[in-house]
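**Q** pasting the sequence and the predicted model now:
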Amino acid sequence: MTSIRANFFSGVYTDTNNPVELPPRQTTPEHPMKHIVAKLVNDALAGLPELAEAAADLAVETTVERTRDARHGDFASNVALQLAKPTRKNPRDIATRIVDALGTDEQITKIEIAGPGFINFHMSAAAFHAELGSILDAGNAYGRQAKKESPKILLEFISANPTGPLHVGHGRLAAFGAAVGNLLEATGYQVHREYYVNDAGRQMDILGASVWLRWLEANGISVPFPKAGYRGEYIRDIAGEIDTGGLVLPNADDVLQGLPDQESEDDWDAYVDALIAKASDLQGEDGFDQIRQQSLESIRAEIEDDLADFGVTFDQWYSEQSLAKSGRIDDALTVLEERGLLYKKDGATWFPATDFGDEKDRVVIRANGAKTYFASDIAYHFDKRERGFDYLIDILGADHHGYVARVRAGLEAMGYPGDDLEVELVQFVSLYRGGKKVAMSTRSGQFDTLRKLRAEVGNDAARFYYVMRSNDQHLEFDLDIATSQSNDNPVFYIQYAHARIASVFRKADELDLYWDQDNGRTNLDKLVAPQEKALLSAMSRYPEIVELAAKNRAPQTLVHYLRDLVSDFHSSYNAHKVLGDDANLRDARLALYAAVRIVVANGLAILGVSAPEEM
RNA sequence: GCGCCCGUAGCUCAACCGGAUAGAGCACCGGAUUUCUAAUCCGGAUGUUGCAGGUUCGAGUCCUGCCGGGCGCGCCA
């Protein structure tokens, strides 16, 4: 293991100017049908020198899309339209040239030019049957791509301060982050999930002081509680639980003596600072630290439990304290110093963030000698890269958008491309109950915790609702709908499809109509109803949807897809009885539904929602 | 004041590097069950994509300005 400084002197920092790119929208063999179309187009272009040049910087795969309208076939390419400009030719003429040069494939039944120059491809029924077969073969691996060796992704999310329980806003970060992690993994990336614990700095002192006061209170010493302190009931709980062995209860007079008032808001900070000083003074540094460390570990463990119950786990809980203790912050500052990227002003040490695109320069060491949060951030993100992760994703609350530029600036100053840091901002959550907005405030103690929300609506509805909307949209979380067991509730609508299918298979067993899978597979051409064809087509899109959702970090894409898929299923189910007398048709339909069940279960798994056998 | 995000049907929201007629759910009205789970299905309509320009063969999507909402702008974390 080389040390940070050794790396610095060996010049590693300057050798990283090429941004790592997540391979975008490449068509893989996991999407056989789309791949077939893309390959045909690609080959045709290769044989057309006058077009090949213009097409060279065009990713042909990306021009191939599913059609929205069945009349346009199954896939369409707008490649001719894309090439119209650089070649200065009529797009319909280009399309004609391409179509004439297209090879044939037995899975494609018809190719036509439509509209301004789209090339539409109609796939054969056999193509969809083959896809259904691979769904059944792959099972829970369907839609998952082969493992990619690089880039190795570090996904940081939630990272809520350990000063109290997670609230409903953190829940959205949790559900979104977990779903994005699952999506990336499904598309083959190696993802390291990390929670950064802000367990250093003044807020920990405030937490410690808050607990200390509750402990004194429980022992008969009443002190005006700081308005800037943490007033939630959980602070009392912690005060009652922590090990106070070795701590000597101080005199009430000693605690109260010399405390400033906190009449106006301007005094709040001074008052809580005075209490922190008192705590250190009267309990000793070690004594106060004993309270502080236990308090934060109690809360951190509570958060970890809460998340685990929510189905959200991490590979690593990264302590900010450990950054300081291991010297990584000092090392980072040393690197900046050696590079001439620090300067002194007004007694503080500054980092010239404006040189790296930030709005203003930032302080890293205050005049009082304390390192800022930003100094930790530089060291932390630098450390992420040093640990071998070459693509960083931070999922942050939208109120943190101001930090993005400076953290990126910090990374660049440390020698890593800023583009390798991606930040996804998640907008706020508003809870509605009975049509009224529920107010939240951590400090006042009147907040809705994630735990309470989960108890009220259940994990499945919570996970689902949190990712149902785009992360850059405010989320209105309607508790009445989330808890309703009715057709208002999309999560049940999807789960119900899964349960319904499971029920059909149970029923088949009861009736001794055992599913002959092989027979079903060889009779797929019996699936001629429009609803069944729609289902076949919808299912075959799943791998493309997963890739699209992963690429865009957009779990809601998967949510919408699942609802559409399941809608097709319910239509089909309603229109056609499965367990009929015709064994060939029956086995074929069971094959169809077995595949639907697989796709639904796989999709829900990515979202972190259960797929029940019965409801 | 400056910066970032958002503005799409009555409501909540989709819309795949700009692509074909902007789509769902809810709400509302009417219908379907002697049948494998009715938490289901079938039918019925709704748009100046905030406004005004611009780029383009093509704009909800890109650019400029304005209006409205959210967030941020500390030697706090």
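**A** Good, I have the coordinates.
**Q** so which strand or helix has residue A:384?
**A** For residue A:384, the host element (DSSP states H and E) is helix A:373-386.
**Q** so where's the stretch 201-350 of chain A uncertain?
**A** The stretch 201-350 of chain A contains no residues with pLDDT under 70.
**Q** got the residues of it near RNA strand B?
**A** Residues of the stretch 201-350 of chain A found near RNA strand B (CB under 7 Å from any atom of the strand) are A:201, A:202, A:203, A:345, A:346, A:347, A:348. Any C-beta I mention is one placed from the backbone N, CA and C, and that applies to glycine too.
**Q** contacts for the helix holding residue A:384, please.
**A** A:4, A:7, A:16, A:154, A:156, A:194, A:196, A:198, A:200-201, A:318, A:320, A:323-324, A:328-329, A:331-333, A:335-336, A:351, A:362-365, A:392, A:403, A:406-407, A:410-411, A:413-414, A:416, A:420-421 (CB atoms under 8 Å, 6 or more residues apart in numbering).
**Q** next, see if stretch A:596-604 gets close to RNA strand B.
**A** No. Using CB under 7 Å from any atom of the strand, we find that stretch A:596-604 stays clear of RNA strand B, coming within 11.9 Å at best.
**Q** phi and psi next, for residue A:456.
**A** Dihedral angles of residue A:456 (phi, psi; degrees, to the nearest 10) stand at phi -80, psi -50.
**Q** whoops, I mixed them up, residue A:553
**A** phi 50, psi 50.
**Q** residues in contact with it?
**A** Residues near residue A:553 by CB under 8 Å, 6+ apart: A:180, A:183, A:393, A:424, A:471.
**Q** ranges for the strands of the stretch 251-400 of chain A?
**A** Listed in chain order, the strands of the stretch 251-400 of chain A (DSSP state E, counting those that start in this stretch) span A:316-319, A:343-345, A:348-351, A:362-365, A:391-397.
**Q** buried ones in the fourth one, by neighbour count?
**A** The one in question is strand A:362-365. In terms of neighbour count (16 or more other CB atoms under 10 Å), strand A:362-365 has its buried residues at A:362, A:363, A:364, A:365.
**Q** same deal with stretch A:140-155?
**A** Neighbour-count burial for stretch A:140-155 [16+ other CB under 10 Å]: A:142, A:143, A:144, A:145, A:151, A:152, A:153, A:154, A:155.
**Q** which residues pair with the last one across the strands?
**A** Which is residue A:155. residue A:193, residue A:393 (DSSP bridges).
**Q** shaky segments in chain A?
**A** Judged by pLDDT under 70, the stretches of chain A that qualify are A:1-31, A:439-447, A:485-488.
**Q** domains in it, by residue range?
**A** If you go by automatic domain parsing, the domain ranges for chain A are A:32-129, A:202-309, A:490-607.
**Q** tell me which of the ones you listed is the most buried.
**A** domain A:490-607 (a mean of 19; mean count of other CB atoms under 10 Å).
**Q** ok now that one, how far from the chain's centre?
**A** Offset of domain A:490-607 from its chain centre (CA atoms, centre = their mean, to the nearest Å): 27 Å.
**Q** same question for stretch A:365-378.
**A** That offset, for stretch A:365-378, works out to 29 Å (CA atoms, centre = their mean).
**Q** how about it, does it reach RNA strand B?
**A** Yes. Stretch A:365-378 lies within reach of RNA strand B by CB under 7 Å from any atom of the strand, at A:366, A:367, A:368, A:370, A:372, A:373, A:374.
**Q** what residues are bridge-paired with the closest residue to the first one other than its chain neighbours?
**A** Same thing as residue A:366. Nearest non-adjacent residue to residue A:366, counting by CB to CB, 6 or more residues apart in numbering: residue A:348, 5.4 Å away. Beta bridges link residue A:348 to residue A:345 when assigned by DSSP bridges.
**Q** what's the burial count for residue A:348?
**A** As a burial measure, residue A:348 scores 16 neighbours (other CB atoms under 10 Å).
**Q** wait, it touches residue A:365, no?
**A** Yes. Under the criterion of CB atoms under 8 Å, residue A:348 makes contact with residue A:365 at 6.3 Å.
**Q** can you pull the contacts of the residue of chain A most remote from its centre?
**A** In chain A, the residue that sits farthest from the middle, by CA atoms, centre = their mean, is residue A:253; the gap is 51.5 Å. Going by CB under 8 Å, 6+ apart, residue A:253 touches no other residue.
**Q** what does residue A:240 give?
**A** residue A:218.
**Q** what's the distance between it and residue A:213?
**A** Using CB to CB, to the nearest Å, we find residue A:240 at a distance of 13 Å from residue A:213.
**Q** repeat that for residue A:46.
**A** In terms of CB to CB, residue A:46 sits 75 Å off from residue A:213.
**Q** cool, residue A:405 as well?
**A** For residue A:405 relative to residue A:213 (CB to CB), the value is 39 Å.
**Q** before we move on, what about residue A:583?
**A** For residue A:583 relative to residue A:213 (CB to CB), the value is 76 Å.
**Q** with residue A:63 instead?
**A** Separation of residue A:63 from residue A:213 (CB to CB): 65 Å.
**Q** what about the helices in the stretch 301-450 of chain A?
**A** A:320-325, A:328-338, A:373-386, A:401-413, A:450-457 (DSSP state H, counting those that start in this stretch).
**Q** confirm residue A:196 sits in a strand?
**A** Yes. Applying DSSP: H, G, I helix; E, B strand; the rest coil, one finds residue A:196 inside a strand.
**Q** pretty sure it sits against residue A:316.
**A** No. Using CB under 8 Å, residue A:196 makes no contact with residue A:316, being 9.4 Å away.
**Q** give me the more crowded residue out of these two.
**A** Neighbours were counted for residue A:196 and for residue A:316 using other CB under 10 Å; residue A:196 has more, 23 against 13.
**Q** ok, the more buried one - contacts?
**A** Counted by CB under 8 Å, 6+ apart, residue A:196 has contacts A:156, A:159, A:318, A:320, A:380.
**Q** what sits closest to it if chain neighbours are left out?
**A** Leaving aside its sequence neighbours, residue A:196 sits nearest to residue A:159 (CB to CB, 6+ apart; 4.1 Å).
**Q** tell me if that neighbour really is in a strand.
**A** No. Using three-state DSSP, the assignment for residue A:159 is coil, not a strand.
**Q** quick one, phi psi at it?
**A** phi 50, psi 40.
**Q** same deal with residue A:112?
**A** Per-residue torsions, residue A:112: phi -150, psi 160 (degrees, to the nearest 10).
**Q** and it, how far from residue A:76?
**A** If you measure residue A:112 against residue A:76 using CB to CB, the figure is 10 Å.
**Q** which neighbours do the two have in common?
**A** Common neighbours of residue A:112 and residue A:76 (CB under 8 Å, 6+ apart) are A:119, A:120.
**Q** so which strand or helix has residue A:153?
**A** Going by DSSP H and E, residue A:153 is in strand A:152-157.
**Q** hmm, the helix or strand just after that strand in reach of RNA strand B?
**A** The C-terminal neighbour of strand A:152-157 among helices and strands, as given by DSSP H and E, is helix A:168-186. No. On the criterion CB under 7 Å from any atom of the strand, helix A:168-186 is out of touch with RNA strand B, staying 11.0 Å away.
**Q** output helix A:168-186 as CSV, nothing but the C-alphas.
**A** Taking Å, rounded to 0.1, in the frame of the first residue of the first chain, the C-alpha atoms of helix A:168-186 are listed here in CSV:
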residue,chain,number,x,y,z
VAL,A,168,-38.8,11.2,5.4
GLY,A,169,-36.5,13.3,3.2
HIS,A,170,-33.6,11.0,3.9
GLY,A,171,-35.9,8.1,3.0
ARG,A,172,-36.0,9.4,-0.6
LEU,A,173,-32.3,9.6,-0.7
ALA,A,174,-32.1,6.0,0.6
ALA,A,175,-34.6,4.6,-1.8
PHE,A,176,-33.3,6.5,-4.8
GLY,A,177,-29.7,5.7,-4.0
ALA,A,178,-30.4,2.0,-3.5
ALA,A,179,-32.3,1.8,-6.7
VAL,A,180,-29.6,3.5,-8.7
GLY,A,181,-27.1,1.2,-7.2
ASN,A,182,-29.2,-1.8,-8.1
LEU,A,183,-29.6,-0.5,-11.6
LEU,A,184,-25.9,0.1,-12.1
GLU,A,185,-25.2,-3.4,-10.8
ALA,A,186,-27.8,-4.9,-13.1
